[in-house]
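Undergrad: quick one, structure for this:
(2 chains)
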2 protein chains.
Amino acid sequence: MRVVALTGGVGGARLAFGLQAELGSDLTVVVNTADDLERHGLLVCPDLDTVMYTLAGLDDRRQGWGLAGDTFMVTQMLERYGEETWFRLGDRDLATHVVRTARLKAGRSLTDVTLELPRDLGVAATILPMTDDLVRTEVRTDGGWLEFQEYFVHRRQEPAVHEVRFGGVERAEATARVRGELGFAEAIVIGPSNPFVSVGPILALRGMPELLAAARRGGTPVVAVTPIVGGKALKGPADRMLASLGHESSALGVARIYAGLATGFVLDALDSGLAPAIEELGLRALVTDTIMTDDVARIRLARDVLAFAREQR
Amino acid sequence: MRVVALTGGVGGARLAFGLQAELGSDLTVVVNTADDLERHGLLVCPDLDTVMYTLAGLDDRRQGWGLAGDTFMVTQMLERYGEETWFRLGDRDLATHVVRTARLKAGRSLTDVTLELPRDLGVAATILPMTDDLVRTEVRTDGGWLEFQEYFVHRRQEPAVHEVRFGGVERAEATARVRGELGFAEAIVIGPSNPFVSVGPILALRGMPELLAAARRGGTPVVAVTPIVGGKALKGPADRMLASLGHESSALGVARIYAGLATGFVLDALDSGLAPAIEELGLRALVTDTIMTDDVARIRLARDVLAFAREQR
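TA: Prediction:
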């Protein structure tokens, strides 16, 4: 089964790891690039890199970002030169940003580079940036608009978010490659990622709602996996953003956001009581264990999601 | 005494270390940039960095390039991505190239950045690139023209050099800062660097011969220190280049190159027999120990050079 997963960083990457174990090269992961940023003149793509490192089995599972066992010699020296290093870059991680930036400067597209790098790390799945155009997420807080990583990393997601916008999105398109993969997909999976700032930018690309609607009309199941369990995000500020943006901070709140778009919704066993309300939204509901504590759990959830998608074909 | 030293990499940097110990911030080092290169999209300035690391006391004395105790994590990962890594970049060294490239991209000049970085490493002397314009050395070998680092590092200086040219030099000028420092100098020292590819590009800049002639006419001593001892270069291919470019591979051969330009020439005790021939060229000759095996030897040679310059004022 050819599957396209739409994801942001950590949660989506972990599910993608499970999906890759089941599907190998039949998996394509379309990744948010709206929280990319430039540091020290280098283009850093946190979600693309988290997906790549996770699918390569190189991710740092303890801290949830970067490469396991990475060192910080470059950063130490950057600090000596007075550079701001609140966005921590490990040495091997930095090589990714150096190579990507150099190849883009030489005229390659972000899609090209994103096809090359994971291959060198032994990744079987195809990883694609959602777009080759520049989209940048900003969040409105009490202190005004902040660039996404300024909010997310530098201010540790502390300010309440009242509004989200994607700079440049009105001119940004899903790439031809992404459109093609979605056209051929036998199932589409929306990962357990933040619906506003991880999945949101992908869905906001020009033509993307129409593409997903067409796939759905053609009988392709679209399965969303909850990033919220027991009212809490497992990682990141999704729960607080749901609340501050006027939604219910629960799997049901997320299901409402995807109601017109998805055909099925996967929620955690802890939230089984929400299944009837989710089904009332016109979504099929699957209740299962969604917490991916280890490889076995990642693969088990992936299998459940794929079986659930197959049922809907 | 305000002293300006014109140098390339290792040998010149070692003498500059000794000069800095004597002169502190009264020393300005004007450094060759014609063997700079771009690696992985980053501007690498080998001579500027060797001078900076040496003056900061951070140079790797064993291998003669880079930072002592540097690690190679980034390079390891660059290799995984299929990048050519024959030009070895340590992790902390790479931070220098990252910061420099980012600041140039942000619109600063190479001179600005070269004033900033050494300050952060505690360097007392002023380090200046010879120019903010692009000059690139190429050497003609039996196999045709090669970029300098392709010859120097990748091919380990093995091909014989039949000709040297400095791409872009006809449009390149010494910076206003370099011209100013030369105007105020009470002595000018030409370091024990390769006369063709290290000192050569500095002397080939537009207006530079006139500037040095004016300083000389104004009574400023110009002292050159031999890079050749007993017919051999202590480091690098200067001896072989002297021969293949039609010169005598000796301190006398070097003295002949600087004859119209310098007022004094420092040669090694091993070559004392060449002193009369050097004096016949119209140069004053100083015979001393020029081999800088340790800090003490660097400082002793610097003292000898400064005393020799003072005598000539």
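
Undergrad: for the most centrally placed residue in chain A, grab phi and psi.
TA: For chain A, A:G8 is the residue whose C-alpha lies nearest the centre (Cα atoms, centre = their mean; 1.1 Å). Torsion angles at A:G8 (phi, psi; degrees, to the nearest 10) stand at phi -100, psi -130.

Undergrad: let me see the contact set for it.
TA: A:31-32, A:35, A:47, A:191, A:193-194, A:197-199 (Cβ atoms under 8 Å, 6 or more residues apart in numbering or on different chains). Bear in mind the C-beta positions are built from the backbone N, C-alpha and C, glycine included.

Undergrad: out of those residues, which sit inside helices?
TA: Among those, DSSP state H puts A:47, A:199 in helices.

Undergrad: let me see the confidence value for the residue nearest to the centre of chain A.
TA: The confidence metric pLDDT takes the value 93 at A:G8.

Undergrad: look up the closest residue to it, ignoring the ones flanking it.
TA: A:S198 (2.4 Å; Cβ to Cβ, 6 or more residues apart in numbering or on different chains).

Undergrad: quickly note the distance from the one you found to A:E170.
TA: A:S198 is 20 Å from A:E170, where distance means Cβ to Cβ, to the nearest Å.

Undergrad: do A:L252 as well
TA: The value you get for A:L252 to A:E170, if Cβ to Cβ is used, is 31 Å.

Undergrad: the two: who's more crowded?
TA: Legend: neighbour count by other Cβ atoms under 10 Å in any protein chain shown for A:L252 and A:E170, higher for A:L252 (22 against 10).

Undergrad: give me the element the more buried one is part of.
TA: helix A:251-258 (DSSP states H and E).

Undergrad: could I have that helix exported to CSV, CA atoms only?
TA: Coordinates of each C-alpha in helix A:251-258 appear next as CSV, following Å, rounded to 0.1, in the frame of the first residue of the first chain:
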residue,chain,number,x,y,z
ALA,A,251,-8.7,14.6,20.9
LEU,A,252,-12.2,15.7,20.1
GLY,A,253,-11.0,19.3,19.7
VAL,A,254,-8.4,18.0,17.2
ALA,A,255,-11.0,15.8,15.4
ARG,A,256,-13.2,18.8,14.9
ILE,A,257,-10.3,20.6,13.1
TYR,A,258,-9.9,17.7,10.7
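
Undergrad: that helix: what's the following helix or strand?
TA: Where DSSP H and E defines the elements, the next helix or strand beyond helix A:251-258 is strand A:264-268.

Undergrad: which residues does the lowest-mean-pLDDT helix or strand in chain A contact?
TA: Least confident helix or strand, chain A: helix A:148-149 with a mean of 91, by mean pLDDT, DSSP states H and E. With contact meaning Cβ under 8 Å, 6+ apart, helix A:148-149 is reached by A:34-35, A:37, A:46, A:87, A:136-139, A:197.

Undergrad: figure out the helix or strand that the residue lying closest to A:G253 once chain neighbours are set aside lives in.
TA: Counting by Cβ to Cβ, 6+ apart, A:H247 is the residue found nearest to A:G253 once chain neighbours are left out, at 4.3 Å. Here A:H247 sits in a region with no helix or strand, counting by DSSP H and E.

Undergrad: list the buried residues in stretch A:304-311.
TA: Residues A:304-306, A:308-309 are the ones in stretch A:304-311 that count as buried (16 or more other Cβ atoms under 10 Å in any protein chain shown).

Undergrad: can you list the residues you listed in JSON lines and add secondary structure, pLDDT and distance to A:L15?
TA: Shown next, in JSON lines, are the buried residues of stretch A:304-311 (DSSP: H, G, I helix; E, B strand; the rest coil; pLDDT from 0 to 100; distance: Cβ to Cβ, whole Å):
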{"residue": "A:D304", "secondary structure": "helix", "pLDDT": "98", "distance to A:L15": "10"}
{"residue": "A:V305", "secondary structure": "helix", "pLDDT": "98", "distance to A:L15": "7"}
{"residue": "A:L306", "secondary structure": "helix", "pLDDT": "98", "distance to A:L15": "11"}
{"residue": "A:F308", "secondary structure": "helix", "pLDDT": "98", "distance to A:L15": "13"}
{"residue": "A:A309", "secondary structure": "helix", "pLDDT": "98", "distance to A:L15": "13"}
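
Undergrad: turn those residues into a markdown table, columns for distance to A:F152.
TA: Below are those laid out as a markdown table (distance: Cβ to Cβ, whole Å):
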| residue | distance to A:F152 |
| --- | --- |
| A:D304 | 30 |
| A:V305 | 27 |
| A:L306 | 31 |
| A:F308 | 31 |
| A:A309 | 31 |
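
Undergrad: just the closest of these to A:G230, please.
TA: Nearest to A:G230 among these, counting by Cβ to Cβ, is A:D304 at 18.5 Å.

Undergrad: for the residue in the stretch 151-300 of chain A positioned nearest to chain B, what are phi and psi?
TA: The nearest approach of the stretch 151-300 of chain A to chain B comes at A:H154, 18.1 Å away (Cβ to the nearest Cβ). Main-chain torsions, A:H154, degrees, to the nearest 10: phi -60, psi -40.

Undergrad: who's in contact with it?
TA: Neighbours of A:H154 in contact, by Cβ under 8 Å, 6+ apart: A:86-87.

Undergrad: neighbours around the residue nearest to A:G82 when sequence neighbours are not counted, how many?
TA: In space, A:G82 comes closest to B:D120 once its chain neighbours are excluded; the distance is 5.9 Å by Cβ to Cβ, 6+ apart. Counted with other Cβ under 10 Å, the neighbours of B:D120 add up to 16.

Undergrad: secondary structure element for the residue in the stretch 101-250 of chain A positioned nearest to chain B?
TA: The nearest approach of the stretch 101-250 of chain A to chain B comes at A:A102, 3.0 Å away (Cβ to the nearest Cβ). In the assignment (DSSP H and E), A:A102 maps to helix A:91-105.

Undergrad: can you dump the C-alpha atoms of that helix in PDB for me?
TA: What follows is helix A:91-105, C-alpha atoms only, in PDB (Å, rounded to 0.1, in the frame of the first residue of the first chain):
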ATOM      1  CA  ASP A  91      28.300  19.000  15.300                       C
ATOM      2  CA  ARG A  92      27.000  16.200  13.100                       C
ATOM      3  CA  ASP A  93      23.600  18.000  12.900                       C
ATOM      4  CA  LEU A  94      25.400  21.100  11.700                       C
ATOM      5  CA  ALA A  95      26.900  19.100   8.800                       C
ATOM      6  CA  THR A  96      23.300  18.600   7.600                       C
ATOM      7  CA  HIS A  97      22.700  22.300   7.500                       C
ATOM      8  CA  VAL A  98      26.100  23.100   5.900                       C
ATOM      9  CA  VAL A  99      25.500  20.600   3.100                       C
ATOM     10  CA  ARG A 100      21.900  21.600   2.500                       C
ATOM     11  CA  THR A 101      22.800  25.300   2.500                       C
ATOM     12  CA  ALA A 102      25.700  24.700   0.100                       C
ATOM     13  CA  ARG A 103      23.600  22.600  -2.300                       C
ATOM     14  CA  LEU A 104      20.800  25.200  -2.300                       C
ATOM     15  CA  LYS A 105      23.300  27.900  -3.000                       C
END
